[in-house]
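Peer 1: What follows is a predicted protein model with its sequence.
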Amino acid sequence: MTGLAAELSALAKAAFAAEGLPEALGQVQASDRPDLAQFQCNGALPAAKLAKTNPRVLAERIAARLKAQAIFARVEIAGPGFINLDVTDGALAERVGRAPETGAPGTAKTLVIDFGGPNIAKPMHVGHLRSAIIGDCLQRLFRANGWQVTSDVHLGDWGLQMGQLISEIEHRGTAPVYFDAAFKGPYPEQSPVTMEDLEDLYPAASAACKADPARLEEARRATAELQAGRPGYRALWRHFFAVSERGLVREYGSLGVTFDLWKGEASVDPLIPPLIHDLTARGLAVESDGALIVAVAEPGDKKEVPPLILVKSDGAVNYATTDLATIVDRVAEQDPDLILYIVDQRQHLHFEQVFRAARKAGINGKAVLEHDGFGTMNGTDGKPFKTREGGVMKLYDLIAMATAEADKRLAEQGLANEYPPEERADIARKVGIAALKFADLSNYRLTDYVFDLERFTRFEGKTGPYLQYAAVRIQSILRKAREEGYMAAAPVVRSAAERALVLQLLALPEAMDAAEDKRAPNVLCEYVFELAQKFSRFYAEHHILSKSDAELRAARIGLCGITLATLTRVLGLLGIEIPARM
RNA sequence: GAUCCCGUAGCUCAGCCGGAUAGAGCACCUGCCUUCUAAGCAGGGGGUCGCAGGUUCGAAUCCUGCCGGGGUCGCCA
């Protein structure tokens, strides 16, 4: 995407090149000092360093060339050699009136994005929230920026927790047929467990294994047998999978999060034996303490990097192995340029090991492998977020809480109370989700953040609900304009408030590029909040639906329309829906 | 012990591939609703950017050391 800053950069780069200076120094950005200028170029300072001359002299030469360009209303040198730039109002108005450019489909790169990572049989909890929200935002952003994107939920469905569940069921004796080695099948079509059963089974199994080493041993053996293909266990596993998937689709659905693929660790099971064979044959995988490992330490390492464990000493594989096999699968299926893993930062070392092993074995094709971690969500006490009872809060309950809080806020604000109950409930749901998402995304990905629902759901300040309301207000103005039969026209730029709003609208491509480069949704949050603020100022200073001046009115309606479209677009990238009215 | 992340206004956080007076939201103070939903708008007070060195014309930003908080460090995910 190319925006106004990119357009100005091209002009400045040409000027630098014409002066025999490095073109890259012509980078133009929105000014740090909006009181002094709209845009700035700092390139004369490093250029002077290189050429060992006076930066102001160089800046003068660049400025002289830029002054010849009609787009600039003002070109000035300030301080040690900053080049300050203002664009003409005509140029601003002309560009903001154009349809926004979207991506560059011809040069589409391919991305596989791995996020979500819920475990089968375990209810989704707050720990899954960040991966879902951040991952979903990034998949939307990369698509908008022209990438060919495939998202994969990558279920946790092949590890020890499966063995734990299986052995727990064996102990309870509720489904003996699956454990009868003499049974020849077919196994029942009806699942022996419901979603509720699973939610009860897993904590019990987990606790039993923690308390009793013998039970843990059983679970390990069951895991290994499942992976080795024992029919009864596989049949049981298929039931777990089917029951869980229904629940997971519903939960992600309630967040507005979707995936192209519902693959998981188990889906690459057939790829594991050949992978192990290949790595062993090439001497990359070696036996150590009864396990099969791949050494991934590298000479320049500052830290100790433990080897990747390909096959455990009990014969089972763990998620390092399935992650490697998943790379093989993705290279075969999508052959991506990039694979992003949106997973808790605490797993960083794990991914470092997997990536090194993949590169060492050359199985990653042309794909760059990148782990983009995130911090934890803490309670107001600064410790990881828990329920009042100290347990893990289920995602379902969290969403219900947010919706209830949103409903309370609507009531306090006197909003939506005369609407039909279904619409009112739908608005509360959208506002609740927006509160959760915006709060999460507006913090920098890697930092931990404090979960404070009371603060997140406020209609005042930097919140999701505030932004939704801002958009709804513009929708309301435009609706009224339609009712009055008022026409929209291309915007004009005359006042400071209009100028600031238009500059912000034109800065969208830079925000989207920066967010992509840094894989940082908070850049988009910052952008959209500033956009809403600049609209507010415009709105406060100018009456839009003027009765007397049709031309002015049409231009302002036009500007409202473009602002709404941009607001809607960016909130859409954040996964936030805008109610029709509030 | 090693390594990674974090430490910025009373609170919650941006900014961090060096650049002009360090920003936002909340809270606090002063103005502004007989016109499009007062969601706010205009303005004000409030900061040794954890500490100490270093590099640089210039450091919140880069380097080194230290202090404080959190994570991770071979058969869980």
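Peer 2: Now that the structure is in, tell me what you want to look at.

Peer 1: mind exporting the strand or helix carrying A:Glu423 as PDB, just the C-alpha atoms?
Peer 2: Following DSSP states H and E, one finds A:Glu423 within helix A:421-441. Output of helix A:421-441 as PDB, limited to C-alpha atoms (Å, rounded to 0.1, in the frame of the first residue of the first chain):
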ATOM      1  CA  PRO A 421     -34.700  -6.800  23.500                       C
ATOM      2  CA  GLU A 422     -33.000  -8.900  20.800                       C
ATOM      3  CA  GLU A 423     -31.300  -5.900  19.300                       C
ATOM      4  CA  ARG A 424     -30.400  -4.600  22.700                       C
ATOM      5  CA  ALA A 425     -28.800  -7.900  23.600                       C
ATOM      6  CA  ASP A 426     -26.900  -8.000  20.300                       C
ATOM      7  CA  ILE A 427     -25.500  -4.500  20.900                       C
ATOM      8  CA  ALA A 428     -24.400  -5.500  24.400                       C
ATOM      9  CA  ARG A 429     -22.700  -8.600  23.000                       C
ATOM     10  CA  LYS A 430     -20.900  -6.500  20.300                       C
ATOM     11  CA  VAL A 431     -19.900  -3.900  22.900                       C
ATOM     12  CA  GLY A 432     -18.600  -6.500  25.300                       C
ATOM     13  CA  ILE A 433     -16.500  -8.200  22.700                       C
ATOM     14  CA  ALA A 434     -15.200  -4.900  21.400                       C
ATOM     15  CA  ALA A 435     -14.200  -4.000  25.000                       C
ATOM     16  CA  LEU A 436     -12.200  -7.200  25.400                       C
ATOM     17  CA  LYS A 437     -10.600  -7.100  22.000                       C
ATOM     18  CA  PHE A 438      -9.600  -3.500  22.000                       C
ATOM     19  CA  ALA A 439      -8.100  -3.700  25.500                       C
ATOM     20  CA  ASP A 440      -6.100  -6.700  24.500                       C
ATOM     21  CA  LEU A 441      -4.900  -5.400  21.200                       C
END
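
Peer 1: is that helix up against RNA strand B anywhere?
Peer 2: No: using Cβ under 7 Å from any atom of the strand, no contact is recorded between helix A:421-441 and RNA strand B, whose separation bottoms out at 8.2 Å. For every residue, glycine as well, the C-beta is placed using N, CA and C.

Peer 1: so where's the stretch 51-200 of chain A shaky on pLDDT?
Peer 2: By pLDDT under 70, the weakly predicted segments of the stretch 51-200 of chain A are A:99-107.

Peer 1: Quick check: the residue of it nearest RNA strand B.
Peer 2: Per Cβ to the nearest atom of the strand, A:Gly159 is where the stretch 51-200 of chain A lies closest to RNA strand B, at 2.4 Å.

Peer 1: Quick check: that residue touching A:Glu265?
Peer 2: Yes: A:Gly159 sits in contact with A:Glu265 when judged by Cβ atoms under 8 Å, with a separation of 6.6 Å.

Peer 1: Who has more neighbours out of the two?
Peer 2: Between A:Gly159 and A:Glu265, A:Glu265 has the larger neighbour count (other Cβ atoms under 10 Å), namely 26 against 21.

Peer 1: so the more buried one sits right up against A:Leu160, yeah?
Peer 2: No: with contact defined as Cβ under 8 Å, A:Glu265 does not count as touching A:Leu160 (11.3 Å).

Peer 1: quick one: contacts for A:Ile342?
Peer 2: Taking Cβ atoms under 8 Å, 6 or more residues apart in numbering, we find A:Ile342 in contact with A:Ile113, A:Asp114, A:Phe115, A:Ser131, A:Ile134, A:Gly135, A:Leu138, A:Asp372, A:Phe374.

Peer 1: Around RNA strand B, pick out the residues from the stretch 351-500 of chain A.
Peer 2: A:375-376, A:378, A:382, A:413, A:415, A:442-444, A:446-450, A:452, A:455, A:458-463, A:466, A:469-470, A:472-473, A:476-477, A:480.

Peer 1: are any of these buried, and which?
Peer 2: A:375-376, A:378, A:415, A:442-443, A:449, A:458-459, A:462-463, A:466, A:469-470, A:472-473, A:477 (16 or more other Cβ atoms under 10 Å).

Peer 1: Spell out which parts of the stretch 151-300 of chain A neighbour RNA strand B.
Peer 2: Selection of the stretch 151-300 of chain A residues close to RNA strand B by Cβ under 7 Å from any atom of the strand yields A:Gly156, A:Trp158, A:Gly159, A:Leu160, A:Gln161, A:Arg220, A:Glu265, A:Ser288, A:Asp289, A:Gly290, A:Ala291, A:Ile293.

Peer 1: and the second one, helix, strand or coil?
Peer 2: Three-state assignment for A:Trp158 (DSSP: H, G, I helix; E, B strand; the rest coil): coil.

Peer 1: ok, it touching A:Lys263?
Peer 2: No: A:Trp158 is not in contact with A:Lys263 according to Cβ under 8 Å; the separation is 11.1 Å.

Peer 1: Those two - which one has more neighbours?
Peer 2: More neighbours surround A:Trp158 than the other of A:Trp158 and A:Lys263, with 27 against 19 (other Cβ under 10 Å).
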